[in-house]
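Novice: below are the sequence and a predicted model for it; my questions follow.
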Amino acid sequence: MPSSLATNALSLYSIPAVWATAFVPVMLRSAAIVKVKGYNNVQPRGNVGRVLGDKAVPPAIVAHIERMEGAHLNGNENFPLWAVAVLAGNFAGLDNYTMNVVSITYVCGRILYNFIYINQTTRLHGSLRTLTYFSCLSLPLYLLFAAARKIASQQ
């Protein structure tokens, strides 16, 4: 076991890293919108709708922009669960090695999830995305249950 994973409390750094995995797809989406339609910064939340309603934008590009938006929204939906799980695990005193390995795995899993989500074009890709999603989802749940067990055992 690498000593830095066992001795350093690195898991808290995963919170901004996971936030970034939700933010990167929106930046990619915005860049794609700029290329095909131009970006309306006065009403930025309407940009995806403007692309969806434009018949001049090729359907493959529209679908790609929709997937980037979906990856962004999914990241936003999952971020609070992750942040709470990391905080709970640290509060409960779960060992650094467990916290760090689970955190690194989760960040890598979210990056893989985004890559699949943004680039998927087949049902098989969609199934792989779903498998990746539920595999990642198990990690914050594991931390929450491990933290609850540790706190309950100390009472």
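Specialist: That came in fine, so what should we check first? Numbering: from 1, shown residues only.

Novice: next up, phi/psi of the residue nearest to the spatial centre of the chain, please.
Specialist: By Cα atoms, centre = their mean, the chain has its centre lying nearest to Gly75, at 3.8 Å. For Gly75, the backbone dihedrals (degrees, to the nearest 10) come out as phi -60, psi -40.

Novice: likewise for Val57?
Specialist: Val57 adopts backbone torsions of phi -80, psi 130, taken as degrees, to the nearest 10.

Novice: separation between it and Gly93?
Specialist: 52 Å (Cβ to Cβ, to the nearest Å). Where C-beta positions appear, they are placed from N, C-alpha and C, glycine not excepted.

Novice: how about the lowest-mean-pLDDT helix or strand in the chain: buried residues?
Specialist: Lowest on mean pLDDT, DSSP states H and E among the helices and strands of the chain sits helix 3-7, with a mean of 72. Using 16 or more other Cβ atoms under 10 Å as the test for burial, helix 3-7 gives Leu5.

Novice: please shift the residue numbers so they start at 30 in all later answers.
Specialist: Taking 30 as the first residue, the last one we looked at is helix 32-36.

Novice: show me what the helix or strand just after it is packed up against.
Specialist: Note on helix 32-36: by DSSP states H and E, the next helix or strand toward the C-terminus is helix 43-65. Helix 43-65 is packed against helix 76-81, helix 88-121, helix 125-148, with contacts defined by 3 or more Cβ pairs under 8 Å, 6 or more residues apart in numbering; DSSP states H and E.

Novice: re the thing from before, who has more neighbours, Val86 and Gly122?
Specialist: Remark: of Val86 and Gly122, Val86 carries more neighbours, 18 against 12, as counted by other Cβ atoms under 10 Å.

Novice: make TSV out of the helices and strands packed on helix 43-65 and add mean pLDDT and distance to Arg158.
Specialist: Output for those, formatted as TSV (pLDDT from 0 to 100; distance: least, Cβ to Cβ, whole Å):
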stretch	mean pLDDT	distance to Arg158
helix 76-81	91	19
helix 88-121	97	9
helix 125-148	97	4
